[in-house]
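*Asks:* this is the structure alone, sequence omitted:
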C-alpha cells in the first residue's frame with residue numbers, strides 16, 4: 001500500500017511562490033503516478049497536475065499551465081509541486097494522490113481514480 005506524506009504550503013500574496021512536496025513509500029513510488037488536486041470548502045476536489053512513475057511525463061490542468069511545475073526526485077521518492085505567480089483563486093487545500101498506472105498519467109486526471117491520499121496542505125493566496 002502506497003503511503004504519502006505531504007509538506008509545504010502556507011500563505012503568500014498574489015504573485016508569490018510556494019512549493020509542496022509529497023513523499024511516497026520508497027519501494028513503491030515508481031509503480032504509481034502521483035496527482036495533485038486542490039479543494040475549496042463546499043466544492044469538489046479538482047485536478048492540478050500529474051507526474052508518472054519515473055518522473056518523465058507530466059500533465060497540467062489549464063488554470064495552472066505555465067505557472068505550476070511538477071517534478072520528481074526519484075532518489076528521495078518525492079514529488080514536488082512548484083507554484084509560481086500564485087493568484088487568490090489558487091487558494092485551497094492541496095492533496096497528492098497515487099494512481100496505479102505508472103507509465104503515464106491518465107488521459108483524464110479524475111479524483112475517483114486516485115487513492116492513497118496525502119494528508120493535505122493549505123495554500124492561501126491573498127490579493
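*Replies:* It's in. Note that the structure is a prediction, hence the values are computed from the model and not measured.
*Asks:* residue 4 pairs with what?
*Replies:* Here residue 4 sits in beta bridges with residue 24, going by DSSP bridges.
*Asks:* in terms of helices and strands, where is residue 19?
*Replies:* Element membership for residue 19 (DSSP states H and E) is strand 18-24.
*Asks:* which outside residues touch the helix or strand following that strand?
*Replies:* Once the chain leaves strand 18-24, the next helix or strand it forms, by DSSP H and E, is strand 33-39. Counting by CB atoms under 8 Å, 6 or more residues apart in numbering, the neighbours of strand 33-39 from elsewhere in the structure are 4, 20, 22, 24, 45-53, 70, 72, 79, 81, 90, 92-99, 101-102, 104-106, 109, 111, 114, 123. C-beta: built from backbone N, CA, C; applies to glycine.
*Asks:* pLDDT (mean, whole number) over strand 33-39?
*Replies:* Across strand 33-39, the average pLDDT comes to 97.
*Asks:* bridged to the spatially most central residue of the chain, which residues?
*Replies:* For the chain, residue 36 is the residue whose C-alpha lies nearest the centre (CA atoms, centre = their mean; 2.3 Å). Counting by DSSP bridges, residue 36 forms beta bridges with residue 49, residue 96.
*Asks:* take the contacts of strand 33-39 and keep only those in helices.
*Replies:* With helices taken from DSSP state H, there is no overlap with the contacts of strand 33-39.
*Asks:* mind checking which of those residues are buried?
*Replies:* A residue is treated as buried here by neighbour count (16 or more other CB atoms under 10 Å); on that basis the buried members of the contacts of strand 33-39 are 4, 20, 22, 24, 45, 47-53, 70, 72, 79, 81, 90, 92-99, 102, 104-106, 109, 111, 114, 123.
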